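**Student:** structure of the sequence below:
(2 chains)
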Amino acid sequence: MSARPHHGLSPEAFASTLADARSGMGAAWETLYHALAPAVAGYFRGQGAREPDDLTSEVFLALVKSIGRFAGDGAQFRSFVFVIAHNRLQDERRKTIRRNGFVQHQPVDDMGDTVGLAAPGDASDGALEQLSREHVRALCDSLMPDQRDVVLLRIVGDLTVEQVADVVGKSPGAVKALQRRAFEQLRRKLSANAEEAVPR
Amino acid sequence: MTRFHDDGDEMPRTATLDERSIEAIIAGRSGVEHPMLSAFIADVRLLGAGPVPQPSSALSSIFLHGVSTEKGDLRATAASNVDGPAPQVAGLPKWRRKIMVVKHFIAGLSVVGKLTFGIGAAAAASGGAGSAGVLPDPLQHQFAETFDGIAPFELDDPGAGDDGTAPGTPGNGKELDEVESAPAPVVVTATTATTATAATTTPATTAAAAGTTAAPPQPPTTGPAPAGSPPAGFPGTGPSESTSTSTPTPETGPATTATTAPPAGVTSTTAAPWTTPTTSPAPPPAGSAESMSLVCKRNDGWISMNCYWSPLGNPATAQHRLHKTGPGGAESMTIWGGPSITSWVDIHVEAGQTYTYRIEAIDASGLALGSSATITVTVQPLTP
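**Tutor:** Numbers count the residues shown, from 1 in each chain, chains lettered A, B, ... in the order given. Predicted coordinates:
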């Protein structure tokens, strides 16, 4: 379905890496971490989590513990990882309701007002990247949470509709509907803010 | 700040957002019909193409020492992994030996990242399951059900009984590229004797004992980024802080750390299992010019080495191989993913230690085509 290239990992390489990870080999875990952690952290970042890197480490620690429950190929493993990540996120959201330590979805009526919502931990990148990220975050924040889940899982997580359906516990049809509404919403926002949000 | 400006900037009304066009946008194939949406999606995608995040200390410990599977539980220190009579190989501590058995790296997180981990792979798990013991059949929906609504950290520990394979001896050894059949590699022995026992999660600050090099630690040349900042940044953002020193090593002549412009996206790298070298890490093969340049710098904000290099330009290049020496000895690893992978983050480094690196282009048979000079880098500690 996707035309994007997928790099590097042959099914055999994944299978043997998974086997090594299962047998407890640290280097294999490191390999898996390198392969997937950027996407997981990006997912948390897109969701506005304050400590995306820490959460990513927690996901992989959980993965280490639960690897015995997994059997599948590389694509399924990717889903598996995002199931854990997404549940971790929901966990965090629940906590936030109590502690307000999480950047929540905030309805916005103007793009300019939402810039600056990016998590503080993102602040070390270059100005352009930062601007881009704030733009992304602002637009993502303008989505409903379940729309945002779908968009980020599809794009940052690089999951298919079916995989996303597994992660969020909805039917593929529901995921497609959320996705379509999200894209229409994004298009409206982008059009309305075309002067401020210059596409590159 | 008027939101309601002329409609000239609006998307063409004809470009509807049906499922097909959404998929085209997601796949990056719809830049003409939906320029703004496509550009935005590309930006979103970059969220997941950032540098490898710094693992927590608990996770780093797993990378370094592995997971004890006997009890299916994590053990935090190397001490728990040194039980058993396995002899040390080539003077390397045992945890190192485990690491060097590993073979494949998923290379490929190129900047645009997006690596999808083996999409389309079929039946890939059979080998893994076979070596690890009895496992349920893969069913994607299974784990959705398994995990739905469960906080991941409340999961039962599944480790018990899922594995009869000792760490370091994967059942399907067929994929091993470089195992400990190598003749004793050049080992910098100063600290190896203590490493097996002293390899706790805290850095063994046994001084820069890499005997093959004479590079003294240097003070940081610039102040590091504020604490807590993630490393280098997104594609195009090179490491801004150079804490490396580059000195020639005896066998390779002048250091060629001459930083040729790093390839785009040097911050995006893949995993790092190291193996003992089957070829000596020492001099490049006769006749191969030092035609590659290699730069290694500590990443901003965390203890890890960002290595990137210029490609050789030889079309026969199939992979790159990185050679390293340090307190733990000499190691080399093949960086899978093809000739376009020109960077690597080595997280097996410790502050205050000195390491040497050399990159080599190899062809499909593993034959070296060209090499960089050996560079020497001292990992500067993080300074608040």
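**Student:** close to chain B, is the lengthiest helix in chain A?
**Tutor:** Longest helix in chain A by number of residues, with DSSP state H as the criterion: helix A:74-99. Yes: Helix A:74-99 comes into contact with chain B (CB under 8 Å from any CB of the partner chain), by way of A:74, A:75, A:76, A:77, A:78, A:79, A:80, A:83, A:84, A:87, A:88, A:91. The way it works is simple: take the backbone N, C-alpha and C, and place the C-beta from them, glycine included.
**Student:** what is the neighbour count of the first one?
**Tutor:** Spelled out, that is residue A:74. If you count neighbours by other CB atoms under 10 Å in any protein chain shown, residue A:74 ends up with 29.
**Student:** wait, isn't it in contact with residue A:11?
**Tutor:** Yes: if you go by CB atoms under 8 Å, residue A:74 and residue A:11 touch, sitting 6.6 Å apart.
**Student:** what's the distance between residue B:378 and residue B:353?
**Tutor:** Applying CB to CB, to the nearest Å, the value for residue B:378 to residue B:353 is 7 Å.
**Student:** ok, residue B:17 next?
**Tutor:** The gap separating residue B:17 from residue B:353 is 54 Å, by CB to CB.
**Student:** got it, and residue B:294?
**Tutor:** Distance from residue B:294 to residue B:353, by CB to CB: 18 Å.
**Student:** which of the two has more neighbours?
**Tutor:** For residue B:294 versus residue B:353, neighbours defined as other CB under 10 Å are more numerous around residue B:294 (28 against 23).
**Student:** okay, and the beta partners of the more buried one?
**Tutor:** Using DSSP bridges, the beta-bridge partners of residue B:294 come out as residue B:309.
**Student:** ok, now residue B:370?
**Tutor:** residue B:361.
**Student:** number of nearby residues for it?
**Tutor:** Neighbours around residue B:370, by other CB under 10 Å: 22.
**Student:** residue B:294 is in contact with that one, correct?
**Tutor:** No: Residue B:370 lies out of contact with residue B:294 (CB under 8 Å); the separation is 11.5 Å.
**Student:** so stretch B:25-36, near chain A or not?
**Tutor:** Yes: taking CB under 8 Å from any CB as the criterion, stretch B:25-36 and chain A are in contact, through B:25, B:26, B:27, B:28, B:29, B:34, B:35, B:36.
**Student:** quick check: buried residues in that stretch?
**Tutor:** Using 16 or more other CB atoms under 10 Å in any protein chain shown as the test for burial, stretch B:25-36 gives B:25, B:26, B:28, B:30, B:31, B:33, B:34, B:36.
**Student:** give me the distance between the two termini of that stretch.
**Tutor:** The first and last residues of stretch B:25-36 sit 10 Å apart, counting by CA to CA, to the nearest Å.
**Student:** try stretch B:25-42
**Tutor:** End to end - CA to CA - stretch B:25-42 spans 9 Å.
**Student:** and if you look at stretch A:60-80?
**Tutor:** Start-to-end, stretch A:60-80 (CA to CA) is 11 Å.
**Student:** list the buried residues for it?
**Tutor:** Buried residues in stretch A:60-80 (16+ other CB under 10 Å): A:60-80.
**Student:** check stretch B:309-324 too.
**Tutor:** B:309, B:310, B:311, B:312, B:317, B:318, B:319, B:320, B:321, B:322, B:323, B:324.
**Student:** just flag the most distant two among the residues of stretch B:25-36 next to chain A.
**Tutor:** Greatest spacing in the residues of stretch B:25-36 next to chain A, by CB to CB: B:27 and B:36 (16.8 Å).
**Student:** can you tell me the closest non-neighbouring residue to residue B:42?
**Tutor:** Of all residues not flanking residue B:42 in the chain, residue B:28 sits nearest, at 6.9 Å (CB to CB, 6 or more residues apart in numbering or on different chains).
**Student:** can I get stretch B:311-329 in PDB, CA atoms only?
**Tutor:** What follows is stretch B:311-329, C-alpha atoms only, in PDB (Å, rounded to 0.1, in the frame of the first residue of the first chain):
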ATOM      1  CA  PRO B 311      31.200   6.900   1.200                       C
ATOM      2  CA  LEU B 312      33.900   5.400  -0.800                       C
ATOM      3  CA  GLY B 313      32.200   5.900  -4.100                       C
ATOM      4  CA  ASN B 314      33.100   2.500  -5.300                       C
ATOM      5  CA  PRO B 315      30.000   0.900  -6.800                       C
ATOM      6  CA  ALA B 316      31.100  -2.400  -5.500                       C
ATOM      7  CA  THR B 317      30.500  -1.200  -1.900                       C
ATOM      8  CA  ALA B 318      27.900  -3.400  -0.300                       C
ATOM      9  CA  GLN B 319      28.200  -2.500   3.400                       C
ATOM     10  CA  HIS B 320      30.500  -0.700   5.700                       C
ATOM     11  CA  ARG B 321      32.400  -2.100   8.600                       C
ATOM     12  CA  LEU B 322      33.300  -0.200  11.600                       C
ATOM     13  CA  HIS B 323      36.400  -1.100  13.600                       C
ATOM     14  CA  LYS B 324      36.700   0.000  17.100                       C
ATOM     15  CA  THR B 325      39.200  -0.300  19.900                       C
ATOM     16  CA  GLY B 326      38.700   0.800  23.400                       C
ATOM     17  CA  PRO B 327      39.100  -0.400  27.000                       C
ATOM     18  CA  GLY B 328      37.100  -3.500  26.200                       C
ATOM     19  CA  GLY B 329      39.400  -4.600  23.400                       C
END
